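K.L.:
Mind looking at a prediction? Sequence and model below.
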2 protein chains.
Amino acid sequence: MSVKTMVSLSQQLQHQIDNKTKPLGALGRLEELAHQIGMIQGTTHPQLNRPHIVVFAADHGIAATGLVNPYPQSVTAQMVLNFITGGAAINVFCRQHSIGLTVVDAGVNFDFDKQLFGDKLLSRKIGYGTKNYLSDEAMTREEAQQAMAAGAAVVADLAAQGCNCIGFGEMGIGNTSSAALIMSCITGIPVEDCTGRGTGVDDQRLEKKKTVLKEAFRKHLSSVTANPGALTILQHFGGFEIAMMTGAYLKAAELKMVILVDGFITTAALLLARLINGQLLDYCIFCHTSGEAGHVRMLEYLGVEPLLQLHMRLGEGSGAAMAFPLVQSAVGFLREMASFDSAGVSKSE
Amino acid sequence: MSVKTMVSLSQQLQHQIDNKTKPLGALGRLEELAHQIGMIQGTTHPQLNRPHIVVFAADHGIAATGLVNPYPQSVTAQMVLNFITGGAAINVFCRQHSIGLTVVDAGVNFDFDKQLFGDKLLSRKIGYGTKNYLSDEAMTREEAQQAMAAGAAVVADLAAQGCNCIGFGEMGIGNTSSAALIMSCITGIPVEDCTGRGTGVDDQRLEKKKTVLKEAFRKHLSSVTANPGALTILQHFGGFEIAMMTGAYLKAAELKMVILVDGFITTAALLLARLINGQLLDYCIFCHTSGEAGHVRMLEYLGVEPLLQLHMRLGEGSGAAMAFPLVQSAVGFLREMASFDSAGVSKSE
């Protein structure tokens, strides 16, 4: 779109929004959403087709140590099975809103039975979990590239099937720790201020988690500072699911999809993707503010305010799913509401 | 329910919530909602049946003066026609969420053609708008009683048809002024601090609106203070739609329905109803914080925090409709999510 076309479309959208039978601005954030989605799709009559959430799951070397996580590492695989059999929160919410759901094994430390689960689970396993960043790099540069490409390919396939609205979720015991390290690298906020309770560590374990992450940060600092790109950060701190989401965001923006941004870990992946595509936020709708401590500061860093504040901190893309009806409402009012003219309603004096 | 039964049910609900496959508390406000709805319905397996929004419309004598409202009074009737033909925001949102919608003529200054609109519009007209409270009482005590009874009857009919989740909306040019006066009577907050921009008055008109409402408040103060009940307040400041909502709230609570509370004017009616039934809030889910200035202070007064903050200020029950999917999600996760046991997922250490 040329700048002139963009300005013109923006004005047309605003005119259309302002002439709906309501006081000027009375639909608040829905009006901003309608405008944004119109601009993404390049039309005054946007629509959301085949909305989809992709949950990327992977394990983290650090989790095997139990230093940062109250749940054992095996819960990642158990929850993937729960997703496949439809019993997790994200299943309930996707069914409720007719959102498609795809689960991707990005690197879970478990062999899922392909014969049993067939196309309910996409196997894109990069490895059986990352390495522990207290002693190693989490993954190789090649693995990070491979994971980003795999995430991008999943999005491209969904887009080819007609999906134009996508959200990402994740499952990975230990992944709030990776996300905190990534956040600290990109925002410059000390890693202890990026560290939260994850699935719910107590005060004592939170202090321990902060100590562990400060140590990990120090260990990799010089390497990351020497080459501070998304691949390097992923290489040092993981995880496979975060790398896949990074690639997935980039592909979704490239394909001009409406992107539903979930919570803390998915926003960490977004921070990485934004290092590569500075225009990424144009495509993003921030869905909810996670209860995980670092998320508020991530959002402040990005200068955005999500649609929902429900004190949720579950991951799985659950916040994206919960906000989807609001996004639908924005498109709905733009497409379906009467104008002052068409309804014969008087405007204000 | 005996106190013992209530305590036992509350514990069962909390146990059920805590054993879903998610970290403790990770669904945030949805967990509180699930618990509340279970308690309202007296079951660990609540469900929402035939959700419905009732929009009460009426005119206000003050609006004919143009002193408080930028839109002419005739917009009330025009918007009722818009509701009937399906072109308003509330129509779009109710269609989206399969929420039933009933429009009630509580006292619009217009004769709707019954042959044309049939059962799309319930005629419960108390009069052709209230009287102007700058010179008169808005309505008689009998009219206030009649309106409350009519609102209650509409709710009873819907309940008889199987509805157990209901929200109220309103349309009435000038009704933020009545709501501000009611709010001031009940909360003791000076009326100028209860007064906002309504459909969007500018700074100059806002000052004028405050002056007018201060004058109205002074005029009726001694009568209201002498007998400070809901009927008296309605009698002095109106309106018919607010009186009907007051009766509607009371009936909905009596019938143990889940009540979706919308914005500024509907919360003013709730303040009135709460003077009569002190347990009313147990049944209420506060859906959104209106952009109308006084609403935040009403909510503080009640000690509640709504689910949504989307800067909407439209009325019509639009905030209630927007929050409905969240309420559905709360019931959905409680009913459908797997437990740690059923899914074979390990709990935290």
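P.N.:
Everything's here; your move.
K.L.:
For chain B, tell me whether the helix ranked longest in chain A is touching it.
P.N.:
Taking DSSP state H as the criterion, chain A has its longest helix at helix A:203-226. No - residues of helix A:203-226 are not located near chain B by Cβ under 8 Å from any Cβ of the partner chain, the shortest gap being 9.9 Å. No exception for glycine: its C-beta is placed from N, CA and C like everyone else's.
K.L.:
tell me the mean pLDDT over that helix?
P.N.:
The average pLDDT for helix A:203-226 rounds to 95.
K.L.:
What lies in contact with the lowest-mean-pLDDT helix or strand in chain A?
P.N.:
Ranked by mean pLDDT, DSSP states H and E, the helix or strand of chain A with the weakest confidence is helix A:114-117, at a mean of 84. Outside helix A:114-117, the residues within contact range by Cβ atoms under 8 Å, 6 or more residues apart in numbering or on different chains are A:84, A:121, A:123.
K.L.:
So for that helix, what gets flagged as buried?
P.N.:
residue A:117 (16 or more other Cβ atoms under 10 Å in any protein chain shown).
K.L.:
Which element is encountered next along the chain beyond that helix?
P.N.:
Moving toward the C-terminus from helix A:114-117, the next helix or strand (DSSP states H and E) is strand A:121-123.
K.L.:
And the longest helix of chain A, what does it pack against?
P.N.:
If you count contacts as 3 or more Cβ pairs under 8 Å, 6 or more residues apart in numbering or on different chains; DSSP states H and E, helix A:203-226 packs onto helix A:175-187, helix A:191-194, helix A:230-237.
K.L.:
that older thread, of the contacts of helix A:114-117, closest to residue A:292?
P.N.:
residue A:84 (25.3 Å; Cβ to Cβ).
K.L.:
Nearest residue to that closest one in space, please, no chain neighbours.
P.N.:
Sequence neighbours aside, residue A:120 is the residue nearest to residue A:84 in space, at 4.8 Å (criterion: Cβ to Cβ, 6 or more residues apart in numbering or on different chains).
K.L.:
right, and that neighbour touches residue A:101 too?
P.N.:
No - between residue A:120 and residue A:101 there is no contact under Cβ atoms under 8 Å: 9.3 Å.
K.L.:
ok, back up a step: same list, the helices and strands packed on helix A:203-226, but as JSON lines with distance to residue A:25 and mean neighbour count please.
P.N.:
Compiled in JSON lines, the helices and strands packed on helix A:203-226 are given as follows (distance: least, Cβ to Cβ, whole Å; neighbours: other Cβ atoms under 10 Å in any protein chain shown):
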{"stretch": "helix A:175-187", "distance to residue A:25": "32", "mean neighbour count": "28"}
{"stretch": "helix A:191-194", "distance to residue A:25": "36", "mean neighbour count": "21"}
{"stretch": "helix A:230-237", "distance to residue A:25": "38", "mean neighbour count": "25"}
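K.L.:
Now render those as CSV, adding distance to chain B and mean pLDDT.
P.N.:
Output for those, formatted as CSV (distance: least, Cβ to the nearest Cβ, whole Å; pLDDT from 0 to 100):
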stretch, distance to chain B, mean pLDDT
helix A:175-187, 11, 98
helix A:191-194, 19, 97
helix A:230-237, 22, 98
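K.L.:
With distance to residue B:23 as new columns, can those helices be given to me in JSON lines?
P.N.:
Output for those, formatted as JSON lines (distance: least, Cβ to Cβ, whole Å):
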{"stretch": "helix A:175-187", "distance to residue B:23": "11"}
{"stretch": "helix A:191-194", "distance to residue B:23": "19"}
{"stretch": "helix A:230-237", "distance to residue B:23": "22"}
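K.L.:
how does chain A divide up, domain by domain?
P.N.:
If you go by automatic domain parsing, the domain ranges for chain A are A:3-47+A:333-343, A:52-324.
K.L.:
Out of those domains, which is the most enclosed?
P.N.:
Highest mean neighbour count among the domains of chain A (mean count of other Cβ atoms under 10 Å in any protein chain shown): domain A:52-324, with a mean of 22.
K.L.:
how far out from the middle of the chain is that one?
P.N.:
Relative to the mean C-alpha coordinate of its chain, domain A:52-324 is positioned 7 Å out (Cα atoms, centre = their mean, to the nearest Å).
K.L.:
Show me which residues of the stretch 51-200 of chain A sit near chain B.
P.N.:
When proximity is defined by Cβ under 8 Å from any Cβ, the stretch 51-200 of chain A lies next to chain B at A:66, A:70-72, A:74-75, A:78-79, A:81-82, A:85, A:87-89, A:91-93, A:95-97, A:199-200.
K.L.:
switch to 10 Å and redo it
P.N.:
With the criterion set to Cβ under 10 Å from any Cβ of the partner chain, the stretch 51-200 of chain A comes near chain B through A:66, A:69-75, A:77-79, A:81-83, A:85-93, A:95-97, A:173, A:197-200.
K.L.:
Please report how far the closest residue to residue A:323 other than its chain neighbours lies from residue A:53.
P.N.:
Among residues not flanking residue A:323 along the chain, residue A:287 sits closest, at 3.6 Å (Cβ to Cβ, 6+ apart). Look at residue A:287 and residue A:53: by Cβ to Cβ, to the nearest Å, they are 11 Å apart.
K.L.:
Mind listing the shared neighbours of the two?
P.N.:
Common contact partners of residue A:287 and residue A:53 (Cβ atoms under 10 Å, 6 or more residues apart in numbering or on different chains): A:167, A:260, A:262, A:317-318, A:320-321, A:324.
K.L.:
how about those in a markdown table, adding pLDDT and secondary structure?
P.N.:
What follows is these, written out as a markdown table (pLDDT from 0 to 100; DSSP: H, G, I helix; E, B strand; the rest coil):
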| residue | pLDDT | secondary structure |
| --- | --- | --- |
| A:167 | 98 | strand |
| A:260 | 98 | strand |
| A:262 | 98 | coil |
| A:317 | 98 | coil |
| A:318 | 98 | helix |
| A:320 | 98 | helix |
| A:321 | 98 | helix |
| A:324 | 98 | helix |
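K.L.:
Tell me who's in contact with residue A:91.
P.N.:
A:55, A:82-85, A:101, A:103, A:316, A:321, B:332-333, B:336-338.
K.L.:
Show only the entries of the residues you listed found in helices.
P.N.:
A:82-85, A:321, B:332-333, B:336.
K.L.:
Tell me which two in these are the farthest apart.
P.N.:
A:84 and B:332 (18.9 Å).
K.L.:
Which one of the residues in the stretch 151-300 of chain A is closest to chain B?
P.N.:
Closest contact between the stretch 151-300 of chain A and chain B, by Cβ to the nearest Cβ, is at residue A:199 (3.9 Å).
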